[in-house]
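>>> sequence first, predicted coordinates after that:
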Amino acid sequence: MKVALRNPDREFEVAGGRLVREVLADLEIDPDTVLIIRDGELITRHERLAEADRIEVRPVISGGTERGRA
Amino acid sequence: MKCTRCGAAAVIEVRRHNAAFCGACFRVVFGNQVARAIDEYDMFAPGDRILVAVSGGKDSLALWDVLLDAGYRVDGLYLGLGIGDYSDRSHVLTQAFADARGATLVTVDLADDFGYDIPTAARKGSRSTCAVCGLSKRYVFNKAALDGGYDVIATGHNLDDEAATLLGNTLRWNIGYIARQSPVLAAEPGLVRKVKPLYRLSELETAAYAFLRGIDYVVEECPLVAGNTQLRYKKAMNAIESRSPGTKAQFFLGYLDRGAPIFRTADEQVDLASCANCGQATTGTYCAFCRSRAQILGERLPEVAEAR
């Protein structure tokens, strides 16, 4: 599956079939600091992602971005 | 995960309330939190003319949207900072929001109206980029509100902003700043009342509200802001919040309830006069904005015969 990180914009291919929070943990991203958007809809960290999914991870922190290793 | 209110599929989780909401219920909850903030601090009345300072970011546009939705008489104020593509895009999105909602946007441009932009100020002035930007914003917001006859200026400061500011001032024991931190700054001669109706809502909530309302906001951050102190404090608070949800709210809202009355006794009253150059309120002969602007432009402010 694809993960599009915003601000700055980057895109990664990661393993699907996992919960959003597990994907974010791999990317060292705090789920409380980002919106997760799939097919134009917000989803919570508890959603399961399919291999064919593409999600946008949009930081919400004003004054800069809090980036994980990604 | 189900919506705490209606049982539909949730789209946003608010861990500090141990709750989750669908889009429709979240809009209600968000509006209720703003209404509670306005009510608790008697921020403004339905007939008041409100000027909301809009940057094109999620917080200020969400604030404008929720106040319009609630039926308030609210116009927007956009200040052009001259920060390249970032400012251009911010202005476009802000104007598009105003047009889509049939709202009035007042636009002021630092370069056109005051002779400098923020990148120039950062190079030539003695203040940090964020400091001179903040000073310019406070001055222009107040001047525009006075010139336009507005009763109150509203800004999009959220819970994370306020908690980070309080943390920074506490770490330095800036007693005067701590004492003055409030969702409302009362009007004084020459100073328009200022309010922060989003102080009960986190950045995640304002971003979710903006997204769910279809607001096209600037996701990119100001290119000049990298490494600022406020961001470091936000990261520190987020690290605590992730393990102990609700800590930020307890820190800031707890301060308002229990700390502010204690610190307020330390808030020294100052006598305000009119700036000898521009006439806006100041504690000295010239206001900080005029002194900063003169330095940036390489100008000298006129000598004043009777120094106050």
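Good, I have the coordinates. This is a predicted model, so every value here is computed, not measured. Numbers count the residues shown, from 1 in each chain, chains lettered A, B, ... in the order given.

>>> how about the residue nearest to the spatial centre of chain A, what does it touch?
For chain A, the residue lying nearest the average C-alpha position, counting by Cα atoms, centre = their mean, turns out to be A:Val57 (3.7 Å). Listed by Cβ atoms under 8 Å, 6 or more residues apart in numbering or on different chains, the contact set of A:Val57 reads A:Val3, A:Ala4, A:Leu5, A:Arg6, A:Leu24, A:Leu27, A:Ile29, A:Val34, A:Leu35, A:Ile36. In short, each C-beta sits where N, CA and C put it, glycine included.

>>> what does A:Gly16 give?
Remark: with contacts taken as Cβ under 8 Å, 6+ apart, A:Gly16 is in contact with A:Met1, A:Leu49, A:Ala50, A:Glu51, A:Ala52, A:Asp53.

>>> what about it, which SS state?
Recorded secondary structure, A:Gly16: coil (DSSP: H, G, I helix; E, B strand; the rest coil).

>>> ok, back up a step: and the contacts of A:Gly16, which two are the farthest apart?
Checked with Cβ to Cβ, the contacts of A:Gly16 reach their widest spread between A:Leu49 and A:Ala52, with 9.3 Å between them.

>>> circling back: tell me what the residue nearest to the centre of chain A is bridged to.
A:Leu5, A:Ile36 (DSSP bridges).

>>> how about the residues of chain A near chain B?
Within chain A, the residues that sit near chain B (Cβ under 8 Å from any Cβ of the partner chain) are A:6-7, A:30, A:32-33, A:35, A:37, A:41-47, A:58-66.

>>> can you do 7 Å?
With Cβ under 7 Å from any Cβ of the partner chain as the criterion, chain A meets chain B at residues A:6-7, A:30, A:32-33, A:35, A:41-46, A:58, A:60-66.

>>> now for B:Cys6: which residues touch it?
Applying Cβ atoms under 7 Å, 6 or more residues apart in numbering or on different chains, one finds that B:Cys6 lies in contact with B:Cys22, B:Cys25.

>>> sorry, back to before: B:Ile178 versus the residue nearest to the centre of chain A, what's the distance?
With the distance defined as Cβ to Cβ, to the nearest Å, A:Val57 ends up 35 Å from B:Ile178.

>>> could you do B:Arg193 as well?
If you measure B:Arg193 against B:Ile178 using Cβ to Cβ, the figure is 21 Å.

>>> among the two, which residue is more densely surrounded?
Neighbour comparison, B:Arg193 and B:Ile178: the larger count goes to B:Ile178, with 22 against 19 (by other Cβ atoms under 10 Å in any protein chain shown).

>>> so who does that one touch?
Applying Cβ under 7 Å, 6+ apart, one finds that B:Ile178 lies in contact with B:Leu166, B:Asn169, B:Thr170, B:Phe263.

>>> switch to 8 Å and redo it
With contacts taken as Cβ under 8 Å, 6+ apart, B:Ile178 has the following neighbours: B:Leu166, B:Asn169, B:Thr170, B:Gly259, B:Phe263, B:Ala266.

>>> pull out the buried residues from these.
With neighbours counted using 16 or more other Cβ atoms under 10 Å in any protein chain shown, the contacts of B:Ile178 contain these buried positions: B:Leu166, B:Asn169, B:Thr170, B:Gly259, B:Phe263.

>>> what's the closest of those residues to chain A?
Using Cβ to the nearest Cβ, B:Leu166 is the member of the buried ones among the contacts of B:Ile178 that sits closest to chain A, with 15.0 Å.

>>> in CSV, list the buried ones among the contacts of B:Ile178 along with distance to chain A.
Conversion of those to CSV gives the following (distance: Cβ to the nearest Cβ, whole Å):
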residue, distance to chain A
B:Leu166, 15
B:Asn169, 16
B:Thr170, 18
B:Gly259, 24
B:Phe263, 25
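
>>> in strands, which of the residues you listed appear?
For the buried ones among the contacts of B:Ile178, not one is inside strands, with DSSP state E as the criterion.
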